[in-house]
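Visitor: fold the following, please.
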Amino acid sequence: MGKRVRAGLIIGAISACLLLILWAGDLFVRLRLQLNDVYFLNTPVTDHIVLIAIDDDSLSAYGRTPVEWSRSLFADLVQILGEAKTRVVAFDILFAQATPDDEQFAEAMRAARAGEGRTRFMMPIVGVERASGSANGGIRFEQVLRPTDTLTDAVDYFGFVNVFADADEKVRRQPSSVEAGIESGYSFGMTAFLAYLRIPSAAVSQVITRGDNMLTIASEHHIPVDDLGFWRQNFFTPSDDESGFTTVSFQDVLNGTVDPALFEDKIVMVGLMNSVNAPDERATPLQISMAGVEIHAHALETLLQGVTLTEQTRISEALTIILLCIVSSLVYVRLRWYWMLPLAFALVAVWAIFAFVTFSTAHILINLFHPFLALTLPLIGNTGWQITSEINRRRSAEHWLGIIQRQKELLETVLGGSPTGIVVLDRFGCFNSANRAFTEAFAFTKPMLANKHFIQLMQDAAVPDEARQKLSEGIQQFQPFRMEFKHQSKTFMVDAATLPSDERWVIIFHDVSVLAELSDIKTHMIRMLSHDLKNPLASVIGFSELLITGVTGDSLADGQRKFVEHIRRAANSMLMIINETLSMEQLRSGRMRKRPLDLAEQIQEVSRMQESDAEQREQIFTLDLEEGVPPVMGDAFQLSQAITNLISNALKYTQDGGTVTVRLRRVEAWAHIEIEDNGYGMSETAQANLFKEFFRAEATAHIKGTGLGLSLVKAITEAHGGQVKFKSVEGKGSTFTLELPLALEGVAV
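Guide: Here you go, the predicted structure:
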């Protein structure tokens, strides 16, 4: 898991924990409720409801409060509505005090009910001194206020007009079932809906059933409720808008200025509204205050349209907060801080669209406040994390930059003061930079180095052609190489290394003039000593052979002959050491006379000199030479010496009666010479040190040898551009292979 993903998960988890604490503690509940009010947009209503407003004009005409009015006024209103065949008349006025006109009012209602429209009437009851929740999960009051007995006998339905505000004093919910003493009933709006459905009041308890957070009316209408029986009503277009509820003045109805046909088959709700001194106005989500009768009208309209609202469950809210925190944090953490803010706005907009679509289609109120925080709080956390990380990165970068700068200065000081010449080239050999030792060694100035190829610089410095050719070939191959060349009075050892990541060369020029001079002195001394030793040794060997063969005429006794034979063998061994030492020096000096050579002829010539030793030890000595193997470019004497050493070793380190086979094969552009024996073989320890000068394996230390043979073979082979390979199993034998490059086609022997 990457560092950014881990940081995103941690920030998302911390944000989710903080928001869950706010959410569980109902902190900022007012803000949460008010933010959800954006759902309540102006929405058209049906034409089933007509409001008769006891407004300022009506109060001016009939008295300061409807309770003081003559009940005959209401009787006249009922008569008008009955003749208009009104479906339901709901009075949101508490007629709690008896008056002489109550009987006239009651008779008017009975007459309207018996009329052609079969008008139903309902009046309010008011719960007083709210008690704890009822056993059925609803609202309970200690007592109620009811209409007078005369009116009670004439009314069909009674509904509780008590409204309940949320923490921000706005009305959003309606109670369903309400208990008061030994009585029970339903909210005013729900009761008006039952009256509209023409469900008799005596049958209400039979048609309403309650399940888990759900009320069902007549098996058709389903109303979601909470644990206390409250249900979420919807709110529609304000009543003062021309597209809202049809509203007429009480006075206008009585004066006959309102067409009675307006009330036919309608639900008419009568109550105090559009008055400056209305005592029961409450705040609503529509950002306007409404009278009680208006709120009940909106509740009834909610039931008529079947758009009761469902709140998001607590579990759903918690999961939404957690999910949005984690997902948004994982998204933010992948962006730079200046892209986070636009993305946050986009995510908030997408979530708002989702919430509004859900509200419009499923009538579910999705909490907006906490999800918006869940989309923005991780933004703050991730921005802070990125700023902190950026500050730490910059501090770290400055720290390491300071270290690098100091190291660079130290390196420049070291390289600048180095007595060894150092030059840096690009991939193709063009000059980049060089230290002072290099420029002084070849007498360069900075203008002379600019924009030049390295080989051109070597030519300007009059470096020999052969050395320039080797340098050019090495640079073209882009492989590390080492070489030595002389320039004027100095000798340089060149070490060239590649920097693949930067595609550059670093070439170091070591001034080894003193060492070269010492090497020349050593070589001269070795040659001089070897020459001075070879002449006496030749005399010793020659006279020893004369004594052994008896050419002098004097015969030697057996003991004397044995001593002379020892002298001859010792002299031959010394001569072999001298010859091999001279060969090694010749190789190191690089002096070779290369010409096209037929390896088959070389092998046959060497083998003829070894056949007598093989016959003497009864060994099977076999040549297996492939015909048509092209020639190689080489020094005849040195290659013969290498092949001789390998065949001689094979015969020497193979038991009497053993087998030695020499093969010659062509493998692509290489000539392979294999010398295989079934002799003593070598241990792994011996194989690791096989080509070291003067090394002798302990297991075969009794066999005479100088320890220079194989190191000489390796040096000769590599000087010819080839390599030596071997495989050996102790007690089973060894196989040595010389791989030599074939000469170019067309070269004749």
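
Visitor: when you work out contacts or count neighbours from here on, use the C-alpha atoms and nothing else.
Guide: Fine.

Visitor: phi, psi for residue 228 please.
Guide: phi -90, psi 10 (degrees, to the nearest 10).

Visitor: do residue 740 as well
Guide: Dihedral angles (degrees, to the nearest 10) for residue 740: phi -120, psi 140.

Visitor: again with residue 199
Guide: Residue 199 has phi and psi values of phi -90, psi 120 when expressed as degrees, to the nearest 10.

Visitor: and residue 316, how many residues sit next to it?
Guide: Residue 316 has 11 neighbours, counted by other C-alpha atoms under 10 Å.

Visitor: residue 366 versus that one, what's the distance?
Guide: To residue 366, residue 316 is 9 Å away according to C-alpha to C-alpha, to the nearest Å.

Visitor: also residue 345?
Guide: Counting by C-alpha to C-alpha - residue 345 and residue 366 are separated by 19 Å.

Visitor: mind saving the C-alpha coords of stretch 608-621 as CSV?
Guide: In CSV, the C-alpha atoms belonging to stretch 608-621 read as follows (Å, rounded to 0.1, in the frame of the first residue of the first chain):
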residue,chain,number,x,y,z
ARG,A,608,55.2,-35.3,-33.2
MET,A,609,57.6,-34.0,-30.5
GLN,A,610,55.3,-35.5,-27.7
GLU,A,611,54.7,-38.9,-29.3
SER,A,612,57.9,-40.4,-27.8
ASP,A,613,56.8,-39.5,-24.2
ALA,A,614,53.4,-41.0,-24.8
GLU,A,615,54.8,-44.2,-26.3
GLN,A,616,57.3,-44.6,-23.4
ARG,A,617,54.4,-44.5,-20.9
GLU,A,618,52.1,-46.6,-23.1
GLN,A,619,49.5,-43.8,-23.4
ILE,A,620,46.9,-43.6,-26.1
PHE,A,621,47.6,-40.3,-27.8
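
Visitor: show me the contact partners of it.
Guide: 647-648, 651, 656-661 (C-alpha atoms under 8 Å, 6 or more residues apart in numbering).

Visitor: likewise stretch 405-418?
Guide: The set of residues external to stretch 405-418 that reach it, using C-alpha under 8 Å, 6+ apart, is 422, 435-437.

Visitor: and the residues you listed, which two are furthest apart?
Guide: Across those, the longest distance by C-alpha to C-alpha is 8.4 Å; it joins 422 and 436.

Visitor: those two - which one has more neighbours?
Guide: Taking other C-alpha under 10 Å, residue 422 and residue 436 do not tie; residue 422 has more neighbours (23 against 19).

Visitor: how far away is residue 470 from residue 726?
Guide: Distance, residue 470 to residue 726, by C-alpha to C-alpha: 30 Å.

Visitor: list the contacts of residue 730.
Guide: Applying C-alpha under 8 Å, 6+ apart, we find residue 730 in contact with 680-683.

Visitor: sorry, that was for residue 81
Guide: Residue 81 touches 112, 260, 263, counting by C-alpha under 8 Å, 6+ apart.

Visitor: where does it sit, in terms of helix or strand?
Guide: Assigning secondary structure by DSSP states H and E places residue 81 in helix 71-83.

Visitor: helix/strand/coil for the residue nearest to residue 65 when sequence neighbours are not counted?
Guide: Distances taken as C-alpha to C-alpha, 6 or more residues apart in numbering put residue 59 closest to residue 65, at 6.5 Å, once the chain neighbours are dropped. Put simply, residue 59 is helix when judged by DSSP: H, G, I helix; E, B strand; the rest coil.

Visitor: separate out the buried members of the contacts of residue 730.
Guide: Applying 16 or more other C-alpha atoms under 10 Å to the contacts of residue 730, the neighbour count classes 680-682 as buried.

Visitor: now flag whichever of these is closest to residue 143.
Guide: Nearest to residue 143 among the buried ones among the contacts of residue 730, with distances taken as C-alpha to C-alpha, is residue 682, at 116.2 Å.
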